[in-house]
Every structure is written in C-alpha cells, then in structure tokens.
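# Sequence first, then the predicted structure, then my questions.
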Amino acid sequence: MTPFLTLFTAPKPFTDPHIDVIQRNALQSWKRLGSDVTVVMIGDEAGMANVAAELGVLHIWDVLCNEFGTPLVSSIFNKARQCSPTPLLAYVNADILLMPDFLEAARQMAALAERFLIVGQRWDLDMHDAMDFSDGWDERLRARIRAEGYLHPPAGSDYFIFPRDCFIEIPDFAIGRSMWDNWMIFHALKQGWVTVDASPTIQIVHMRHDYGHLPNGRNRNRVPEALQNIRLAGGRRRSMYLIDVPWTIKDGQLRPSQWSWARFKRSIETFPVLKMDSNFLAEVSFAICHPINYIGEWQGRLMYKWRQIG
C-alpha cells in the first residue's frame, strides 16, 4: 500500500555533536508516525548517508546548490516529489519533533480541501540528549513541553503540508535562510488555496540550537543569501506570516482564524500585494502602517550598500 504522506528535509551536516543529536531525534520521531509516512533526507552533507542507512530513511543526494554550496528549495521540493508517489508532501525542518497529531491533521485537511497549505507555530525546547522512544514517548514529550517549553512567537513556519500538485514551481531560494518560508505562505494565499494555521491542533517541538553552521555563526537573516532570497521572492512585502493565514483547523473542522485588530490592520497592509499585485502600493502601505520600521529598513539597505562599495 502506498504511504499517505512524504516527510522530507534538508539536514545540516551531522558533524556537530549537538546538531547530530537533534537531527537524529527528529528523524526518529518522524519514523514513529508509522507506515503511512515515508521519510526522505535530501542533500549531500557530511554524515547523511550513514544516518540514513542506520535509521532506515530514504536519502537523495544529488540536490542542486547555489554558489555558496547551499541546497536550493526548488531542487529539494522537486526531488521529494519525484522520489515518492504519496498524495501529500510535507517539508519539515530537521530540528523539529513530530507527534501523531501531525499525520492526523494532514488526513483531516485532505478530506476538506483539494488544494491547501498547512503551517503552524512551534514550541521551543532545550534538548541535548538522545530521546527515549520507548512506548509512551509522545506523552512524556508533551509533559516536558508543559514543564520546560514555551510557544514561539507566530512568524513563519517550520513545516509545510500540501498536496503533491501544489508548489510545482518555486524560486531558487537558499534553504535555511530567511524569506523562503514566508514566501510559501504568500504563494498559497495568492493562489487562493485554503491556507491553514494548525497551531491549535498540531504540536511540534523545535530543539534549540545555535547558528554555528552559518558563516561566523551569523543569524540566517544577515547573510548574503538572505538578501538574494528577498529578491527572488519579489521583495520584502511578499513576506507573509501566520497572522495572515485566514483559516485554522480544530476537531477536524475548518474555522476562520480568530479576529483581532492586529489581523485587521495586517489585512489592510497586505491588500496591495495580495489583491492588486502592486509592490509600489505595498511599500506605501507598509510605510504608513510602520513608519519607524520602514525608515530602519532603508537605513539598513544604505549601510549594506555602503559596506559593499567600501
């Protein structure tokens, strides 16, 4: 029988001991979702082949990369689609623990809509040791979340669940850098797909780590590839967040996202780019709604160009 969902990811190298533990924990949690799930690692980072063989997950190594050697989101998604016939696909960051509610929500959504995107918030948790995946592991994890975890502020998403005929064409974003995840939400909204914030239903866990895999340990928002991602996305105003997502799913039912003044203000701000496809009016709208941030953005751009000239 063909599995229902393909979980795919592009891990970091397994050379750092902490990253190794985190990614092994994540992959093992995905495997425990059962035979309805296929797990795929995509890329040629150090240690991937050995870990794939050890854990029994599929490994696709020939992914396209940019000039910095960073895998391209477009190639990652194409490879996942080519290697698995499942009706649903899900990209998940390799530092994320999943539990059975992830698969259940995917099934529920597939029964409610033909084209959709599921995203959601994460819980952050410090974890430095290999997990015990004996019976009851998920309940023990939920208890630890209640005791030690905290809900990350809503921004982008660490997972994307969608039917296989969605996201056929994606810009050549660098994976693991800013903007590409926000573009995913923008594209789903722009296409009119049912876009769902499943935070009330799906509880995922992000195992915290540093940015040692980036040049000089810099934040992913402050590397040249991040600026390239912004250009490929069509500009900063095409960055959408969980506050922009109009639907949620709970108890197997689609429900409108909870109304708030912040959500209403945001809908006005994003109207030009979502409904009129106007970057110029989107810039004007952002400048009116966030004048201080707008000035700060331009100062940052000018400083970056000055450093490039120097």
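The structure has been received and is ready for your questions.

# quick one: the strands in this protein?
Using DSSP state E, the strands of the chain run over 5-9, 37-42, 58-60, 88-92, 96-97, 116-119, 123-125, 150-151, 159-163, 194-197, 205-207, 247-250, 253-256.

# wait, which of these is closest to Val284?
strand 194-197 (25.0 Å; Cβ to Cβ). Bear in mind the C-beta positions are built from the backbone N, C-alpha and C, glycine included.

# Tell me which other helices or strands that closest one touches.
Applying 3 or more Cβ pairs under 8 Å, 6 or more residues apart in numbering; DSSP states H and E, one finds that strand 194-197 contacts strand 116-119, helix 180-191, strand 247-250.

# May I see those arranged in JSON lines, with mean pLDDT and distance to Pro272 as well?
JSON lines is the format used below for the helices and strands packed on strand 194-197 (pLDDT from 0 to 100; distance: least, Cβ to Cβ, whole Å):
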{"stretch": "strand 116-119", "mean pLDDT": "98", "distance to Pro272": "22"}
{"stretch": "helix 180-191", "mean pLDDT": "98", "distance to Pro272": "12"}
{"stretch": "strand 247-250", "mean pLDDT": "96", "distance to Pro272": "22"}
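
# Could you export the strands of the chain to TSV, including columns for mean neighbour count and distance to Val284?
Formatted as TSV, the strands of the chain follow (neighbours: other Cβ atoms under 10 Å; distance: least, Cβ to Cβ, whole Å):
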stretch	mean neighbour count	distance to Val284
strand 5-9	25	39
strand 37-42	23	40
strand 58-60	18	44
strand 88-92	23	33
strand 96-97	25	37
strand 116-119	26	28
strand 123-125	18	36
strand 150-151	10	34
strand 159-163	22	30
strand 194-197	25	25
strand 205-207	22	35
strand 247-250	19	28
strand 253-256	11	28
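
# for Gly120, what are its contacts?
Going by Cβ atoms under 8 Å, 6 or more residues apart in numbering, Gly120 touches 157, 159, 197-199, 201-202, 204, 242.

# and which of those is nearest Thr248?
Among the contacts of Gly120, and counting by Cβ to Cβ, the member closest to Thr248 is Asp197, at 5.1 Å.

# close enough to count as contact, the closest one and Pro256?
No - using Cβ atoms under 8 Å, Asp197 makes no contact with Pro256, being 10.8 Å away.

# what's the overlap in contacts for those two?
Residues touching both Asp197 and Pro256 (Cβ under 8 Å, 6+ apart) are 247-248.

# Asn279: which of the strands of the chain is closest?
Checking the strands of the chain against Asn279 by Cβ to Cβ gives strand 194-197 as the closest, at 20.9 Å.

# and of the helices and strands packed on strand 194-197, who's closest to Asp129?
Among these, helix 180-191 comes nearest to Asp129, with 28.2 Å by Cβ to Cβ.

# Name the residues that touch the closest one?
Outside helix 180-191, the residues that reach it (Cβ under 8 Å, 6+ apart) are 73, 115-117, 119, 156-158, 160, 162, 166-167, 171, 173-174, 195, 229, 233, 238-242, 244-246, 273-274.

# Show me those that map onto helices.
73, 229, 233, 273-274 (DSSP state H).

# Asn25 is in contact with Trp137, correct?
No - if you go by Cβ under 8 Å, Trp137 and Asn25 don't touch, sitting 10.3 Å apart.

# Give me the common contacts of these two.
Residues touching both Trp137 and Asn25 (Cβ under 8 Å, 6+ apart) are Met131.

# if we can go back for a sec, can I get the buried ones among the contacts of helix 180-191 as something I can paste into PyMOL?
Here is the PyMOL command that selects the buried residues among those (16 or more other Cβ atoms under 10 Å):
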select buried, resi 73+116+117+119+156+157+158+160+162+166+167+171+173+174+195+229+233+238+239+240+241+242+244+245+273+274
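
# follow-up on the earlier one: let me have the contacts of Gly120 in a markdown table, extended by distance to Glu54 and pLDDT.
Below are the contacts of Gly120 laid out as a markdown table (distance: Cβ to Cβ, whole Å; pLDDT from 0 to 100):
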| residue | distance to Glu54 | pLDDT |
| --- | --- | --- |
| Ser157 | 29 | 95 |
| Tyr159 | 24 | 98 |
| Asp197 | 35 | 98 |
| Ala198 | 31 | 98 |
| Ser199 | 33 | 97 |
| Thr201 | 32 | 96 |
| Ile202 | 27 | 98 |
| Ile204 | 24 | 98 |
| Leu242 | 35 | 97 |
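
# What is the least confident helix or strand in the protein?
When each helix and strand of the chain is scored by mean pLDDT, DSSP states H and E, helix 291-309 comes last, with a mean of 78.

# what's next to that one, contact-wise?
227, 236, 286-287.

# Check the gap between Arg140 and Met99 for me.
11 Å (Cβ to Cβ, to the nearest Å).

# Which one of those two is surrounded by more residues?
Taking other Cβ atoms under 10 Å, Arg140 and Met99 do not tie; Met99 has more neighbours (19 against 14).
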